[in-house]
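Participant: Let's see this in three dimensions:
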Amino acid sequence: MKKLGEEQSQRSGSSCTRRKVEAGYALLKVDQKGSLTSSKQEFTYSEILRITNNFERVIGEGGFGAVYHGYVGDSQVAVKMLSPSAVQGHQQYLAEVNLLIGVHHKNLTKLIGHCNDGTNTGLIYEYMANGNLKAHISDHSPFILKWEVRLQIALDAAQGLEYLHYGCKPPIIHRDVKLTNILLKENLRAKISDFGLSKIFSTDSSTISHISTVVAGTPGYLDPEYTKSNRLNEKSDVYSFGVVLLEIITGRSAIDKSQNNIHVSEWVTSSLENGDINSIVDPRLHGIFEINSAWKAVELAINCVSSKLSQRPTMSQVVSELKECLDKGPAWTKGSRHIELTETRPLYSITESSPSAR
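Facilitator: Numbering: from 1, shown residues only. This is a model prediction of the structure:
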């Protein structure tokens, strides 16, 4: 693929890389850690074709279109193209662009740019090398995430939601928190993605406690209170996150179709009567986890999915509790990536940095 032309510019003693794209000029920067940042430029369809090498590699399929791998300069990106027939998808595309232009957090996927060229619509994101969390929690995964790694992923996602609820003015409710909307970097650190259903509170949010809206989201993760009343608030995200945390802990799906569609929260509540944490935590871990950490994580998750909004914690409280869960767990080595073997399959370890893949 032909590389985009580039030239160096200096501003206030720091350097940035300016990559020239034929039909427009996208100002892209590489930060001190080598991560791609952007002024969120609009790309033409011909540029998208070059970025993806004519849509050569599909890396995902969504409800409204496919996701392709590509390069902007030397940096990998993910390009989500919208199917022309997806009318609802176009509305979500506009919502996502408008929202992501104003949010910046290490635990939210970074929007590099977008395309709205005739019938061709797409979003360009930073590339998340390890895909979505569901693929790693699934029983079909050839690897097993270590207990501490699971907690760190949960904490990363919680911090992203905390920022949406309390770091954004006005606050933002994600409305579709689930395993497939938590993406993992090369080093297994997590970011929240897919903001197409997100809702923004009134600028005078201090005077309101909820938004009345048509129910939208994913079965199994939807807050029952929201589905009954059509009243949406930040505790709806807390419920969805609680379901995700239960899935992370147990390795089970939100709804188990093999067991009469039992919800994971019902299964865990029933299992708690036995008082045996080993029967709740993902059996593929073979008991390799810290007992107190596991109990605290389960208690937190159950509180998150409480039927009463008042009993659910805030995302700030969730972040604090998850940090305590990690403190209760054994320390693990930070450094070069390695894989430890169990009796059956390897468990991922977490790293602070790893070599870039290309």
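
Participant: mind listing the helices in the protein by residue range?
Facilitator: 45-51, 87-100, 133-137, 147-162, 224-229, 234-250, 264-272, 291-304, 315-328 (DSSP state H).

Participant: Between the ones you listed, which one is closest to residue 115.
Facilitator: Smallest distance to residue 115 across the helices of the chain (Cβ to Cβ): 5.2 Å, for helix 45-51. In short, each C-beta sits where N, CA and C put it, glycine included.

Participant: Pull the distance from that closest one to the chain's centre.
Facilitator: 26 Å (Cα atoms, centre = their mean, to the nearest Å).

Participant: What of stretch 132-141?
Facilitator: Computed by Cα atoms, centre = their mean, the chain-centroid distance of stretch 132-141 equals 14 Å.

Participant: What of stretch 146-166?
Facilitator: The answer for stretch 146-166 is 9 Å, by Cα atoms, centre = their mean.

Participant: Report the helix or strand with the lowest average pLDDT across the protein.
Facilitator: Lowest on mean pLDDT, DSSP states H and E among the helices and strands of the chain sits strand 14-21, with a mean of 29.

Participant: Using a markdown table, please lay out the helices of the chain together with distance to residue 170, mean pLDDT and mean neighbour count.
Facilitator: Output for the helices of the chain, formatted as a markdown table (distance: least, Cβ to Cβ, whole Å; pLDDT from 0 to 100; neighbours: other Cβ atoms under 10 Å):
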| stretch | distance to residue 170 | mean pLDDT | mean neighbour count |
| --- | --- | --- | --- |
| helix 45-51 | 32 | 96 | 19 |
| helix 87-100 | 11 | 68 | 17 |
| helix 133-137 | 28 | 95 | 20 |
| helix 147-162 | 15 | 98 | 25 |
| helix 224-229 | 19 | 84 | 15 |
| helix 234-250 | 12 | 97 | 26 |
| helix 264-272 | 30 | 95 | 16 |
| helix 291-304 | 23 | 97 | 20 |
| helix 315-328 | 16 | 95 | 18 |
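
Participant: I'd like the ones you listed as CSV, with distance to residue 108 appended.
Facilitator: As requested, the helices of the chain are exported to CSV (distance: least, Cβ to Cβ, whole Å):
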stretch, distance to residue 108
helix 45-51, 22
helix 87-100, 8
helix 133-137, 15
helix 147-162, 5
helix 224-229, 22
helix 234-250, 13
helix 264-272, 25
helix 291-304, 20
helix 315-328, 13
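
Participant: So which of the ones you listed is nearest residue 121?
Facilitator: Nearest to residue 121, of the helices of the chain and by Cβ to Cβ, is helix 87-100 at 5.6 Å.

Participant: Spell out which residues make up each domain of this structure.
Facilitator: 5-126, 133-348 (automatic domain parsing).

Participant: for the stretch 1-150 of the chain, which spans come out with low pLDDT?
Facilitator: Scanning the stretch 1-150 of the chain for pLDDT under 70 picks out 1-40, 63, 85-90, 92-93, 95-96.

Participant: which residue ranges form the strands in it?
Facilitator: Remark: strands assigned in the stretch 1-150 of the chain by DSSP state E, counting those that start in this stretch are 5-11, 14-21, 24-30, 36-38, 41-43, 58-62, 65-72, 75-82, 111-117, 120-126, 144-145.

Participant: neighbours around residue 167, how many?
Facilitator: With neighbours defined by other Cβ atoms under 10 Å, the count for residue 167 comes to 14.

Participant: Sorry, slip of the keys, the one I care about is residue 275.
Facilitator: Residue 275: 7 neighbours (other Cβ under 10 Å).

Participant: do the one 3 residues further on as well
Facilitator: As a burial measure, the neighbour count of residue 278 was computed by other Cβ under 10 Å and equals 13.

Participant: same question, the one 10 residues further on
Facilitator: Around residue 288 there are 15 other residues, counting by other Cβ under 10 Å.

Participant: How about it: what's its closest non-neighbour residue?
Facilitator: residue 147 (6.7 Å; Cβ to Cβ, 6 or more residues apart in numbering).

Participant: Same check on residue 256?
Facilitator: The spatially closest residue to residue 256, leaving aside those adjacent along the chain, is residue 262, at 5.2 Å (Cβ to Cβ, 6+ apart).

Participant: I figured the residue nearest to residue 288 was touching residue 290, is that so?
Facilitator: Yes: the criterion here is Cβ atoms under 8 Å, and residue 147 meets it with residue 290 at 7.1 Å.
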